[in-house]
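Colleague: compute the structure for the input listed below.
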Amino acid sequence: MKDIAILLYPDILMLDMAGPVEVFSIANRYLEPSQHYRISTISTAGPSVRASNGITLHADLLLSEASPSWDFLLVPGGPGAYNDRHDDALPWLQAAAKQSRRFGSICTGAFVLGEAGLLDHRHVTTHWHYISRLRQRFPSAQIETDKIFIKDDNLFTSGGVTAGIDMALSVVSEDHGRQIALDVAKVLLVVMQRQGGQAQFSPLVAAMAKEDSAIGRVQNYVLDHLEEPFSVDRLAGLAAMSPRHFARLFSRETSTTPMEFVQRARVDRARELLENSDLPLKTVAFRSGFGSARHMRLSFSERLGLTPDQYRRQFG
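Modeller: Reported below is the predicted structural model:
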């Protein structure tokens, strides 16, 4: 029997909890009783908490009643993870992380682990939308931006919402073999391992300088004229700067290089066309500024882990 604990707190995202719980519950159908996962919910705030969708969840245990020793301790995400403090739960979490075989978070549950100092110097991830906020809050964490989930020794962290299902399937595979995990994945109508990482769901062009700045004006020009050829020299000319000064200023204001910005913008434009049109790949490549379908395919594979064809099938 493997005992799994799910930490509940006000404003939790219910799907963060329910996804992994269903993975372990369905796995029990294929396991001998002695191998079952036994799931307990632990509340940090009274016998019941209200999830962010308004549904009330009743916990099995209060924090004061719960053992700190588990096979796997999981902290789901939700608005309450990053908007509220969890001071009362932190000593228990710190003890549980030491005494449990494994622990981890789903989505923004990483913020709760971070409060307890459990992300320091560990490789972790969270939902792409909260990566910057997590990095600012916990600068000692080694945050990776494009992983669906990460295992760092006995610490598991995952990206947004359904990534908790991917992570739970990997735990089942680790505990009982790939075939059991595959059987569970088939029941849930999900794949065992997704192609690509979180980048396929998030916009690549995130950092924009102020619109009235020289860098901002260049960025907007690029976005409006992606089919044109660009080089650092040409972009610097648009800003009326020397190439060296322009590149240095661009990197400082956007945290990326000028040509990386251009390539990300082209990938985002191509993604938009693949999602919303049936244009041939050559046309998509031309309108996005890649020049050829081959160049576009290389950029997609490098940045998204998918080919344009695969991206269209998945999101078109």
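
Colleague: domain ranges for this structure, per the record?
Modeller: Under automatic domain parsing, the residue ranges defining each domain of the chain are 2-195, 214-315.

Colleague: which of those has the highest mean neighbour count?
Modeller: The highest mean neighbour count among the domains of the chain belongs to domain 2-195 (a mean of 19), with neighbours defined as mean count of other C-beta atoms under 10 Å. (C-beta placed from N, C-alpha, C; glycine too.)

Colleague: what's the spacing between it and its chain's center?
Modeller: Relative to the mean C-alpha coordinate of its chain, domain 2-195 is positioned 13 Å out (C-alpha atoms, centre = their mean, to the nearest Å).

Colleague: circling back to that earlier point, the domains of the chain: lowest mean pLDDT?
Modeller: Looking over those, mean pLDDT reaches its minimum on domain 214-315, with a mean of 88.

Colleague: endpoint to endpoint, that one covers what distance?
Modeller: Length of domain 214-315, first residue to last, C-alpha to C-alpha, to the nearest Å: 35 Å.

Colleague: what residues does stretch 53-67 touch?
Modeller: By C-beta atoms under 8 Å, 6 or more residues apart in numbering, the surrounding residues in contact with stretch 53-67 are 5, 8, 12-14, 17, 40-44, 46-51, 88-89, 92.

Colleague: strands - which of those land there?
Modeller: Assigned to strands by DSSP state E, the following of these qualify: 5, 8, 40-43, 48-50.

Colleague: distance to residue 122 added to these, as a markdown table?
Modeller: Formatted as a markdown table, the entries for those read as follows, by distance: C-beta to C-beta, whole Å:
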| residue | distance to residue 122 |
| --- | --- |
| 5 | 20 |
| 8 | 24 |
| 40 | 25 |
| 41 | 25 |
| 42 | 22 |
| 43 | 26 |
| 48 | 32 |
| 49 | 27 |
| 50 | 31 |
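
Colleague: out of those, which comes closest to residue 113?
Modeller: Here the nearest of the ones in strands among the contacts of stretch 53-67 to residue 113, counting by C-beta to C-beta, is residue 5; it sits at 13.5 Å.

Colleague: where do the strands sit along the stretch 51-200 of the chain?
Modeller: When assigned using DSSP state E, counting those that start in this stretch, the strands of the stretch 51-200 of the chain occupy the ranges 56-58, 61-62, 72-75, 102-105, 123-124, 142-143, 149-152, 155-158.

Colleague: take these and lay them out in a markdown table including distance to residue 289.
Modeller: Formatted as a markdown table, those follow (distance: least, C-beta to C-beta, whole Å):
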| stretch | distance to residue 289 |
| --- | --- |
| strand 56-58 | 49 |
| strand 61-62 | 57 |
| strand 72-75 | 43 |
| strand 102-105 | 39 |
| strand 123-124 | 34 |
| strand 142-143 | 30 |
| strand 149-152 | 33 |
| strand 155-158 | 34 |
